[in-house]
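> Predicted structure and sequence below. I'll ask about it afterward.
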Amino acid sequence: MTGAIEVEASKPRGQSERLVILASSLGTVFEWYDFYLYGLLATIISAQFFSGVNETTGFIFALAAFAAGFAVRPFGALFFGRIGDLVGRKNTFLVTMGIMGLSTFVVGLLPSYAAIGVAAPIMLVLLRLLQGLALGGEYGGAATYVAEHAPANRRGLFTSFIQTTATLGLFAALLVVIGTRTWLGEAAFADWGWRIPFLISVVLLGVSLWIRLQLEESPVFLAMKEEGKQSKAPLTEAFARWGNLRIVLIALFGAVAGQAVVWYAGQFYALFFLEKTLKVDGATANILIAIALAIGTPAFIFFGWLSDRVGRKPIILIGCTLAALTYFPLFDALAKAANPALHAAQRMAPAMVIADPDTCSFQFDPIGRNRFESSGCDVAKSWLARAGVSYANSEAPGSEARVVIGEESIAYAGDPRAFRQELDGALARAGYPASADKDAINKPLVVAILTILVLYVTMVYGPIAALLVELFPTRIRYTSMSLPYHIGNGWFGGFLPTTAFAMVAATGDIYYGLWYPVVIAALTVAIGLLLLPETFRRAIDE
């Protein structure tokens with residue numbers, strides 16, 4: 001009886017493998033498109049919805065709202081994962097898609113802070129929370145659905161198509177943003193044109209729902225249902241029993257956490273670093289990232305295929321190791337290639353803030369009303385952070401603040417505006433550019449560096465779906481794999497841009513935020529080597 005069911009479960013029922021992959025992948029691409037539009041437009045959204053605070057805090061707030069969608073992903077994983085294990089994979093991700101698409105469409109209709117005040121960012125955050133809940137239920141369903149249709153020796157290859165969807169969704173969002181920016185011009189796009197990519201999502205929602213409605217239920221799930229082996233309490237069985245909870249924790253800390261920080265550092269943090277820190281204009285930064293994604297994305301398929309032959313674990317851990325070892329030199333090389341004038345100025349005329357540490361605030365205000373003008377130290381650090389200037393700190397108890405830029409020293413005399421003007425003049429004389437010179441950007445080198453970062457992403461992300469599916473039994477698979485995936489990618493990865501930029505603002509070192517992904521990736525390598533099992537030869541129809 002069991003052998004017959006296993007044979008039956010390994011074959012798609014009335015639909016081809018290509019339809020399963022195409023329908024699951026396309027629907028998920030559109031959902032990632034919706035989710036990542038916000039990240040691409042964080043700088044504009046900061047100006048539209050957080051204009052009532054100082055610029056540095058406003059940008060961190062915008063990133064925090066971006067991260068809010070990630071914060072609730074584990075809760076979406078629990079809620080929708082339970083439903084997916086009880087009633088089926090297909091219907092569950094139809095619901096999540098509807099929630100995601102409608103939430104994204106409404107973002108395009110929201111009034112700005114200038115129009116309705118604080119209600120605007122509140123509504124924005126609420127919509128991001130809905131998006132996060134929906135995404136928490138989407139990925140596990142799509143990955144599980146495809147894996148349960150795949151032949152045992154091609155599971156890594158088949159699920160790697162789902163792994164491309166996050167990057168393809170980002171790529172699609174980039175193309176729409178670039179096209180709209182080019183069509184309208186930068187001024188109109190920043191004013192109102194940014195809404196168009198969000199509004200377009202309602203069309204994608206209709207297409208996605210139609211595609212997903214063509215699918216049948218997973219054969220492995222149906223076979224389990226026919227045998228009466230469904231879990232009646234997926235949450236209890238997945239997380240209240242140590243045997244399964246132990247595997248959940250190993251999956252999180254020995255694989256997904258490192259995968260997540262490499263993913264978000266290599267794509268989103270790299271984009272924010274180009275645009276916010278290196279002062280590359282948004283359109284150029286988007287194009288450079290898009291080219292790197294186009295070059296690197298096929299490697300998801302390659303590493304998924306390779307994991308069917310050599311295993312999931314070595315590929316993921318090697319990717320984490322390479323990232324931890326090379327992020328600092330790669331981002332330094334990125335700075336030199338994207339804004340050579342800024343890179344040269346920071347080497348030839350380094351900046352230093354000399355002040356009484358008791359007069360220096362942490363450069364992030366959770367209330368959002370601090371303009372950082374109460375002391376010379378605050379004025380200096382706030383202005384240098386805004387200019388993307390890396391600076392060192394020197395303590396001088398009892399002294400008024402001064403800033404040394406190369407050989408020039410500027411002392412604070414009590415007038416914030418005059419002090420900022422003096423700092424601007426000193427920075428200009430030392431060769432610090434107000435923005436990156438488009439003609440000076442070494443575009444081939446920038447694309448090469450970004451492509452390397454994307455290749456690290458493909459190494460860690462390509463095999464992860466197959467690994468997670470293979471770690472857990474069918475009756476609680478949707479629930480069990482979704483939680484570590486979304487804690488890792490929602491919390492460790494999703495909070496990376498916010499955390500990293502807050503670290504930069506606090507220390508003045510534009511590279512300091514890289515310690516976050518480097519440390520997490522290194523910890524994942526250590527834990528993964530010791531505890532993570534290899535899974536690529538496991539049967540999953542049990």
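Nice, I can see it.

> residue ranges of the strands in the stretch 351-500 of the chain, please?
With strands called from DSSP state E, counting those that start in this stretch, the stretch 351-500 of the chain shows them at 351-355, 391-395, 402-405, 408-411.

> Name the stretch among the ones you listed that sits most buried.
strand 402-405 (a mean of 22; mean count of other CB atoms under 10 Å). (Glycine included, C-beta is placed from N, CA and C.)

> Redo the strands of the stretch 351-500 of the chain as CSV? Include distance to Ile452 and mean pLDDT.
Putting the strands of the stretch 351-500 of the chain into CSV (distance: least, CB to CB, whole Å; pLDDT from 0 to 100) gives the following:
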stretch, distance to Ile452, mean pLDDT
strand 351-355, 29, 92
strand 391-395, 28, 91
strand 402-405, 33, 94
strand 408-411, 37, 93
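
> Where does the residue nearest to the spatial centre of the chain sit, in terms of helix or strand?
The centre of the chain sits closest to Tyr264, judged by CA atoms, centre = their mean, with a distance of 4.0 Å. For Tyr264, the enclosing helix or strand under DSSP states H and E is helix 257-264.

> What is that helix packed up against?
helix 312-338, helix 443-461, helix 496-507, helix 515-531 (3 or more CB pairs under 8 Å, 6 or more residues apart in numbering; DSSP states H and E).

> Give the buried residues for it.
Residues of helix 257-264 classed as buried: Ala257, Gly258, Gln259, Ala260, Val261, Val262, Trp263, Tyr264 (neighbour count, 16 or more other CB atoms under 10 Å).

> I'd guessed the fourth one sits against Gly493; true?
Yes: look at Ala260 against Gly493 with CB atoms under 8 Å: they come within range, at 3.1 Å.

> Break down the stretch 151-300 of the chain into its strands, ranges please.
Under DSSP E, counting those that start in this stretch, the stretch 151-300 of the chain gives no strands.

> Show me which parts of stretch 321-334 are buried, residue by residue.
Buried residues in stretch 321-334, counting neighbours by 16+ other CB under 10 Å, are found at Thr321, Leu322, Ala323, Ala324, Tyr327, Leu330, Phe331, Ala333, Leu334.

> For the second one, give its distance to Thr359.
Distance of Leu322 to Thr359, computed by CB to CB, to the nearest Å: 42 Å.

> end to end, how far does stretch 267-276 reach?
14 Å (CA to CA, to the nearest Å).

> tell me the mean pLDDT for the helix holding Tyr264?
Taken as a whole, helix 257-264 has an average pLDDT of 95.

> Please list the outside residues in contact with that helix.
166, 316-317, 319-320, 323, 456-457, 460-461, 464, 488-489, 492-494, 496-497, 516-517, 520-521, 523-525, 528 (CB atoms under 8 Å, 6 or more residues apart in numbering).

> Same check on stretch 307-325?
By CB under 8 Å, 6+ apart, stretch 307-325 touches 153-157, 160, 255, 258-259, 261-262, 265-266, 303, 306, 456-460, 462-464, 466-467, 470, 517-518, 521-522, 524-525, 528-529, 532-536.

> And stretch 178-197, what's buried?
So, applying 16+ other CB under 10 Å, buried residues of stretch 178-197: Ile178, Thr180, Arg181, Leu184, Phe189, Ala190, Gly193, Trp194, Arg195, Ile196, Pro197.

> Just give me the closest of these to Ala338.
Ile178 (17.4 Å; CB to CB).

> The closest one and Gly282, how far apart?
9 Å.

> between the helices and strands packed on helix 257-264, which gets nearest to Cys377?
helix 496-507 (12.9 Å).

> That closest one packs against which elements?
helix 55-71, helix 257-264, helix 515-531.

> Now render those helices as a markdown table, adding distance to Trp383.
Formatted as a markdown table, the helices and strands packed on helix 496-507 follow (distance: least, CB to CB, whole Å):
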| stretch | distance to Trp383 |
| --- | --- |
| helix 55-71 | 9 |
| helix 257-264 | 28 |
| helix 515-531 | 24 |
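
> right, so these: which one is the most enclosed?
Scoring the helices and strands packed on helix 496-507 by mean count of other CB under 10 Å, the most buried comes out as helix 257-264, with a mean of 29.

> ok and that helix relative to helix 515-531, angle-wise?
140 degrees (axes from the mean of the first three to the mean of the last three CA atoms, to 10 degrees).

> Run the chain-centre distance for helix 257-264.
8 Å (CA atoms, centre = their mean, to the nearest Å).

> before we move on, the earlier item: quick one, the helix holding Tyr264 and helix 312-338 angle?
Using the same axes, to 10 degrees: helix 257-264 against helix 312-338 is 30 degrees.

> Pull out the C-alpha coordinates of helix 257-264 and format them as PDB.
Extracted in PDB, the C-alpha atoms of helix 257-264 (Å, rounded to 0.1, in the frame of the first residue of the first chain):
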ATOM      1  CA  ALA A 257      20.100  33.200   9.000                       C
ATOM      2  CA  GLY A 258      23.300  33.200   6.900                       C
ATOM      3  CA  GLN A 259      21.500  32.800   3.700                       C
ATOM      4  CA  ALA A 260      19.200  35.700   4.600                       C
ATOM      5  CA  VAL A 261      22.000  38.300   5.400                       C
ATOM      6  CA  VAL A 262      23.900  37.300   2.300                       C
ATOM      7  CA  TRP A 263      20.700  37.700   0.200                       C
ATOM      8  CA  TYR A 264      19.800  41.200   1.600                       C
END
